[in-house]
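Q: I'll drop the sequence and a predicted model, then ask my questions.
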Amino acid sequence: MAINLLNDKGMPLQRQRMSWKDMVGKPISKLDDDAFTRVRIILMNGVELDAVRTKQIALRCNGQARLQLAELMRVEQHQATTINWLLGPDHSPIETTIGYEQTAIEVTASVAQLEPDPYLAQAYRFGLLEDFDHLYRYTALLDRLEGKDANNITQGYTDIVPARATLFHHRAPEHELVEPYPADAALATKLHALTLTGGEYQTHDYYMNIGPMFADPMARQLYAEIASVESQHITHYGSMLNPNESVLEKLLLSEACEVWNYAGCAQQETNPRIKALWEQFLDYELGHLQAAMRLFEEVEGRDPAELLGDGKLPPFIEYRSQRGFVRKVVETETQLRKRGTEFVDESQEGKSSLEYRKAVNAGGSPSEAVAATYSWMPGTELMREQVEGLPT
Amino acid sequence: MQATVPGQNRTGATASPEGTQAMTDAVNELMPPVPIDTGAMEAERLLYIDESETVGSIPPSLGMDGMVKSGMARLKGANPSMLMDKIGERIAFERGGVRLYEALLAKYEAASRSGDVLPPAGEVQEVAEAQGLAVLAPVEGEAPTQTLQRIRSEELAHFQLLCAAMTQMGGDPTAQTPCADVTATASMGLMQVLTDPRTTLAQCLNTILTAELTDNAGWELLIQLAEQAGEGELAGRFLGALAQEQEHLVTVKGWLTTLVTEGAGTPAV
């Protein structure tokens, strides 16, 4: 059934209650569930936490919405918990990292193709290539530190090869920004940017939390390096969001973004138990949207239709291997760099980025050291190492 | 590397007697001790155990027809899926073992920069033989670095032997079986010790000992399962690997004993 943002009421906020038992249910199976179930879990945790983050900022900026914001955040905290706790404890931190990078690649590739604004589509392809390279670097780390094959996580959907080397991702802040979408941008454009910002935020936060848990200095360095790039990505995608939107406008878009994402997840989920959860949370978010629309009308005196149009949802993120598209982007856009808010050839890159890069890489490049000579193969690179005299 | 020596360890209650007394007073006033009862936690764990699903399934065999002729149909006694699950476990463990020994080699190299810190493996094996333990390989003249490199190669060879066995049985050696997954979870701490720049060679050998003891028991079980399944030839190959693992165990144990009994106060300990 097609959802309409303006008409579907969802579950009233007051009825949205979860116990600790509801939040801490059965995790998915790392071995048996489809990789895209994990991709959706990782993405929706990020989207949900960004919805909370948006409200925490709104709380600091708007006196009239405080109570409603507090009520909404309480439920969303518990939704995020329910989703994030679906990841099983047999995922090592690097295995979860592989899942995060696969999520970034497949989701960004889909969004890049859905995005109607050509400049922003370019910006998505630009970021895509960097997360694509991160997957390769972390795969080398997983293999060489834990002796594990990243494809046990990615399940054949995502290529594991280098692209724009992580070494080159380090840019000066003035070359990190992207031009924001205009106020009258398509709803799809706004939801895409919000989704990617939330996803990158959570990726960054995850790396910042688990990085220090590693004993291996090489792992600690790699997480430090890539966490820094993810921080840049938050700025990259976050700067797409129009800074002239009011706080309550951002709140309304954030709720619409959650509805859109849950609806896409519910439509494509293959695990019936998780599908039911996406449907439940879709219902919750429709209820949240109602609250956000009321605030928009009552506090700002504006019509939600101004932002939501006819209420129809834009096309969903497609949860399937985007291999063909990604390969094309790798082939044609790896050499692109940034100069200000422009995407330029490597020869035109902003000079201050070169200086910045020289400084951070002064003691060597972790991402280069970890992956030196690394080629992925089924069963880890040790499958191809020759050994003399098997025991008989 | 630095020696582990007595110093300003602050963790014990006796390190802060006033604070500890104040805390004890607070407990006596606000939460006086009662008989210990962890029943609520146990009940909750039981509830979750009862409702849980497995970590995952054993991967299906490749090409049922081929498999029936060449492998699984011959298997008797033991559940053939269990044999494949346990082979998958050993694949994961041996592959991880290669990486553990790589980390140990780096640690040994750092520790031995100021001179020999470990006796040759031959010497510790002589001690073991004197204690009536059978040891496989003559390693006369082998320096500790060479021994560590040899053990790493043997772990790699075991990994590849197991991959071949899995393929022969119609299984996929690149799949992560449930027991492989669980043993990886159990092993997470091993690599954390081996790759920590602060740990000593002795602390690392103690950790490798955990791995080698588990590995020996794992191979013994695998041989038993292969024999029960009527896979005598496979069991024979596994026996060869076990003999090597027994030698690894004796060597690691001997090195650890030597370091701890004779090397206190040195950077390796």
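A: Arrived safely. Keep in mind it's a predicted model, so treat the numbers as computed, not measured.

Q: quick check, pLDDT for the residue positioned nearest the centre of chain B.
A: Central residue of chain B (C-alpha atoms, centre = their mean): residue B:211, 1.7 Å from the mean position. In this model, residue B:211 is scored at 98, pLDDT.

Q: may I ask which helix or strand encompasses it?
A: Assessed by DSSP states H and E, residue B:211 sits inside helix B:201-228.

Q: could you tell me the angle between whichever helix or strand comes after that helix and helix B:201-228?
A: Moving toward the C-terminus from helix B:201-228, the next helix or strand (DSSP H and E) is helix B:232-262. Angle, helix B:232-262 to helix B:201-228, by axes from the mean of the first three to the mean of the last three C-alpha atoms, to 10 degrees: 160 degrees.

Q: quick check, helix B:232-262 touching chain A?
A: Yes. Applying C-beta under 8 Å from any C-beta of the partner chain, one finds helix B:232-262 touching chain A at B:236-237, B:240-241, B:243-244. Quick note: C-beta positions are derived from backbone N, CA and C, even for glycine.

Q: most neighbours out of those residues, which is it?
A: Each of those was scored for neighbours by other C-beta atoms under 10 Å in any protein chain shown, and residue B:241 scores highest at 25 neighbours.

Q: follow-up on the earlier one: against chain A, how distant is the residue nearest to the centre of chain B?
A: 12 Å (C-beta to the nearest C-beta, to the nearest Å).

Q: surely that residue is in contact with residue B:187?
A: Yes. Using C-beta atoms under 8 Å, residue B:211 is in contact with residue B:187, at 7.3 Å.

Q: list the contacts for the residue nearest to residue B:194 when sequence neighbours are not counted?
A: Closest residue to residue B:194 apart from its sequence neighbours, by C-beta to C-beta, 6 or more residues apart in numbering or on different chains: residue B:103 at 3.8 Å. By C-beta atoms under 8 Å, 6 or more residues apart in numbering or on different chains, residue B:103 lies in contact with A:216, B:191, B:194-195, B:204.

Q: so which of the residues you listed is the closest to residue B:12?
A: Checking those against residue B:12 by C-beta to C-beta gives residue B:204 as the nearest, at 25.3 Å.

Q: verify the stated contact: that closest one with residue B:104.
A: Yes. At 5.6 Å, residue B:204 and residue B:104 qualify as touching, with contact defined as C-beta under 8 Å.

Q: looking at these two, which is more packed in?
A: residue B:204 (25 against 22).

Q: residues contacting the more buried one?
A: So, once contact is read as C-beta under 8 Å, 6+ apart, residue B:204 ends up touching B:103-104, B:107, B:193-194.

Q: out of those residues, list just those in helices.
A: B:103-104, B:107, B:193-194 (DSSP state H).

Q: and residue A:378, that one's in a helix?
A: No. If the criterion is DSSP: H, G, I helix; E, B strand; the rest coil, then residue A:378 is coil and not within a helix.

Q: so what's it closest to, chain neighbours aside?
A: Closest to residue A:378 by C-beta to C-beta, 6+ apart is residue B:174, at 4.3 Å.

Q: excluding its backbone neighbours, what's nearest residue B:82?
A: residue B:225 (6.7 Å).

Q: can you pull the phi and psi angles for the residue of chain A found nearest chain B?
A: Here the residue of chain A nearest chain B is residue A:31; by C-beta to the nearest C-beta that distance is 2.6 Å. Per-residue torsions, residue A:31: phi -90, psi -30 (degrees, to the nearest 10).
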